[in-house]
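Q: need a 3D model of the following:
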Amino acid sequence: MRDLKSQVTQAIDDLGPEILDVARQIHGRPELAFEERFASNLLCEVLERHGLRPTRGAFDLETSFRCDFGADEGPVVAILSEYDALPEMGHACGHNLIAAMGLGAALGLARVGDFGGRVRYLGTPAEEDGAGKAIMAARGAFAGVDAAMMVHPAAVDLEEMPTLAVTAVKATFRGRGAHAASAPHAGVNALDACVAAYQAIAQLRQHITPNERVHGIITYGGAAANIVPERAEASYFIRARDAAGLQALVPRVRACLEAGALGAGASVELDWLEHPYLDLKNNHPLCLAYRANAEALGRTFFEMGDVPVGVRGSTDMGNVSHLIPAIHPTIGIDSHGASPHTACFAQCAASEMGDTGTLDAAKAMAMTAIDFFRDADLRAAVARDFGGDFAGVRRM
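A: Residues are numbered from 1 along each chain as shown. Predicted structure coming up:
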C-alpha cells in the first residue's frame with residue numbers, strides 16, 4: 001500500500017502545473033450556481049486529455065459530470081469537485097480549489113491504475129445555492145457507492161468540518177401601487193411589509209440557540225421613490241444543528257414573514273428551497289484515515305475541541321453523508337485568519353498557499369481512497385460508524 005501511495009503522490013506532483021492551471025482558470029471565470037459551463041467543460045476536457053471518458057450533463061444537470069474508472073468489481077469511492085462562485089465576490093469560498101483538488105485526486109489514481117477498486121469522480125454544481133449534490137443524489141448519483149469524499153479550503157486544517165443544516169426561502173410581498181405624494185392612502189406598501197418582517201426576524205434572533213442562525217437581505221424594494229411599492233422581495237437562510245432543529249425553527253420564521261405582511265395589509269408568497277441542506281454526518285474512521293495521510297504530507301491539524309461553538313457552515317455534502325459514509329475535511333491555505341465568503345479569502349484562493357493546499361488535499365484524498373480500497377478492516381470500521389453494512393448502502 002505504501003508503494004501505491006508513493007506512486008499516486010508522485011503522479012499528482014507530476015500533474016501539478018496542469019491541476020493548478022485549472023484552479024487559476026476557474027478562479028478567473030467565476031460562475032454562479034447551475035451556470036458553471038466554463039468550469040465543468042474545462043474539467044471534462046482535462047479528463048479527456050488524460051484518456052478518461054466523463055459523461056457531461058450527468059443526472060439531467062447541464063453543468064454536472066460523471067467519470068467512472070478502475071476495476072469492474074470491488075469498493076467504489078466517489079471523489080467530488082464543486083466549482084460555483086458567489087455573487088459579486090467570485091471564488092470567495094475557494095470552490096476553484098475544490099474543483100482542482102478533486103481533479104488531482106482522480107487523475108492521480110487513474111495514473112496508478114490498479115488501486116483495487118473503482119472511482120466515481122463527480123462534478124457537482126450549485127453548492128452555494130441550489131443543493132446540487134442533493135439533486136444528484138435523488139437522481140442516483142451515489143447508487144452503488146461505498147464512500148464519498150471532498151476537501152474544502154479554510155483558514156486551518158480540520159479533520160471534520162462543523163456544519164449546520166440549512167434551508168432557504170424567497171419571500172415576495174405584494175401590496176398596491178399608488179402615487180406616493182398625491183394618493184399614498186390609496187396604496188398598500190409592500191416594502192413596509194418586508195421591513196416589518198425583517199425587524200420581526202431580528203427580534204426572533206434574541207430567542208434562538210447559539211447553533212441556530214437566521215440571516216437575509218432585501219433584494220427588491222420598489223421601482224421608484226415616488227411610487228408606493230406594490231412588490232418587495234427578500235431572501236433568507238435558516239440554519240439549525242440538524243434537520244429536527246430546522247423543522248422547529250422554520251415555522252417561527254414563517255410566522256415573522258406572515259406577520260409583516262398582515263400588519264401592512266399586504267400578502268406574502270414564500271418559495272422554499274426544494275432540498276434543504278442536512279447536517280454533515282462525518283464518518284470518523286474515514287476522517288482519521290484522511291488526517292493520518294495529510295499529516296504524513298506534513299500538514300498540521302487544528303484540534304476539533306478548540307473550534308469555537310459558533311464557527312459552522314453548511315454544505316450539500318451533508319445530504320450525501322446521510323446516504324453513504326462521507327468526509328468533508330478542511331485544508332488550511334494561510335488565509336491570514338480570513339474566513340470564506342470574504343474578499344481576502346477570494347485572493348487567497350489564487351495564491352501560492354492555495355496551490356500548496358490544493359495539491360496536498362488531492363494527495364491526501366487519493367491516499368485515503370487507497371486505504372479504503374486496500375484495507376478491509378477500515379471498510380468494516382467505516383460501515384460500523386455509518387450504522388449499516390455496504391450491502392445495505394448499495395441498495396439505495
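Q: hey, let's count contacts and neighbours off CA atoms from now on
A: OK.
Q: so what does the longest helix along the chain touch, helix or strand wise?
A: Longest helix in the chain, counting residues (DSSP state H): helix 2-28. Judged by 3 or more C-alpha pairs under 8 Å, 6 or more residues apart in numbering; DSSP states H and E, the packing partners of helix 2-28 are helix 37-49, helix 95-112, helix 352-374.
Q: check which residues of the first one are buried.
A: The neighbour-count criterion (16 or more other C-alpha atoms under 10 Å) identifies 37, 39, 40, 41, 43, 44, 46, 47 as the buried residues of helix 37-49.
Q: what's near enough to touch the first one?
A: When you say that, I think you mean residue 37. Residue 37 sits next to 31, 62, 63 when contact means C-alpha atoms under 8 Å, 6 or more residues apart in numbering.
Q: so of the residues you listed, which ones are in helices?
A: Going by DSSP H, the helices hold none of those.
Q: filter those to the buried ones?
A: So, by 16+ other C-alpha under 10 Å, the buried ones in these are 31, 63.
Q: okay, the contacts of residue 37 in CSV with pLDDT and distance to residue 221 next?
A: Below are the contacts of residue 37 laid out as CSV (pLDDT from 0 to 100; distance: C-alpha to C-alpha, whole Å):
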residue, pLDDT, distance to residue 221
31, 98, 26
62, 98, 33
63, 98, 32
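Q: quick one: the residue lying farthest from the centre of the chain from residue 226, how far?
A: Farthest-out residue of the chain from its mean C-alpha position, per C-alpha atoms, centre = their mean: residue 182, at 50.0 Å. With distances taken as C-alpha to C-alpha, to the nearest Å, residue 182 is found 10 Å from residue 226.
Q: picking that back up, and the gap between the residue farthest from the centre of the chain and residue 118?
A: 72 Å.
Q: quick one: low-confidence parts of this protein?
A: The model of the chain has pLDDT under 70 over residues 306, 308-311, 388-396.
Q: got the domain ranges for it?
A: The record's domain split for the chain, according to automatic domain parsing, is 2-163+280-394, 165-272.
Q: what's the most buried one of those domains?
A: domain 2-163+280-394 (a mean of 21; mean count of other C-alpha atoms under 10 Å).
Q: roughly how far is it from the heart of the chain?
A: 10 Å (C-alpha atoms, centre = their mean, to the nearest Å).
Q: correct me, but residue 58 touches residue 65?
A: Yes. With contact defined as C-alpha atoms under 8 Å, residue 58 reaches residue 65; the gap is 4.9 Å.
Q: extract the C-alpha trace of the host helix or strand of residue 77 and format it as PDB.
A: Taking DSSP states H and E as the definition, residue 77 sits inside strand 76-81. C-alpha atoms of strand 76-81 as PDB (Å, rounded to 0.1, in the frame of the first residue of the first chain):
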ATOM      1  CA  VAL A  76     -16.400   2.200  -5.100                       C
ATOM      2  CA  VAL A  77     -15.300   5.700  -3.800                       C
ATOM      3  CA  ALA A  78     -16.800   8.900  -5.000                       C
ATOM      4  CA  ILE A  79     -14.500  11.900  -5.200                       C
ATOM      5  CA  LEU A  80     -16.300  15.200  -5.600                       C
ATOM      6  CA  SER A  81     -15.500  18.600  -7.200                       C
END
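Q: so what are the sheet partners of that strand and their directions?
A: strand 118-123 (parallel), strand 147-149 (parallel) (DSSP bridges).
Q: helix or strand right after the longest one?
A: From strand 118-123 onward toward the C-terminus, using DSSP H and E, the following helix or strand is helix 132-138.
Q: how near is residue 104 to residue 19?
A: Separation of residue 104 from residue 19 (C-alpha to C-alpha): 6 Å.
Q: let me redo that: residue 125
A: In this structure, residue 125 and residue 19 are 19 Å apart, going by C-alpha to C-alpha.
Q: again, but for residue 135
A: From residue 135 to residue 19 the distance is 27 Å (C-alpha to C-alpha).
Q: again, but for residue 88
A: Residue 88 is 25 Å from residue 19, by C-alpha to C-alpha.
Q: try residue 216
A: Residue 216 is 36 Å from residue 19, by C-alpha to C-alpha.
Q: go on, residue 191?
A: For residue 191 relative to residue 19 (C-alpha to C-alpha), the value is 48 Å.
Q: also residue 313?
A: Counting by C-alpha to C-alpha - residue 313 and residue 19 are separated by 27 Å.
Q: swap in residue 89?
A: 23 Å.
Q: now residue 91
A: 17 Å.
Q: check residue 219 too.
A: Residue 219 is 37 Å from residue 19, by C-alpha to C-alpha.
Q: ditto for residue 165
A: Distance from residue 165 to residue 19, by C-alpha to C-alpha: 32 Å.
Q: one more: residue 73?
A: On the measure of C-alpha to C-alpha, residue 73 and residue 19 end up 29 Å apart.
Q: now residue 368
A: 19 Å.
Q: what sits up against stretch 107-122?
A: So stretch 107-122 is contacted by 4, 7-9, 11-12, 15, 47, 50, 64-81, 102, 106, 145, 363, 366, 370, 373-374 (C-alpha under 8 Å, 6+ apart).
Q: could you export that stretch as CSV, CA atoms only?
A: Output of stretch 107-122 as CSV, limited to C-alpha atoms (Å, rounded to 0.1, in the frame of the first residue of the first chain):
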residue,chain,number,x,y,z
LEU,A,107,-6.1,11.9,-12.2
GLY,A,108,-3.5,10.6,-9.7
LEU,A,109,-5.5,7.5,-9.1
ALA,A,110,-6.1,7.0,-12.8
ARG,A,111,-2.4,7.1,-13.4
VAL,A,112,-1.7,4.4,-10.7
GLY,A,113,-4.2,2.2,-12.5
ASP,A,114,-4.5,-1.0,-10.3
PHE,A,115,-5.6,0.6,-7.0
GLY,A,116,-8.0,-2.2,-6.0
GLY,A,117,-11.4,-0.6,-6.6
ARG,A,118,-13.4,1.9,-8.7
VAL,A,119,-13.6,5.7,-8.6
ARG,A,120,-16.6,7.7,-9.4
TYR,A,121,-15.4,11.3,-10.0
LEU,A,122,-18.4,13.7,-9.9
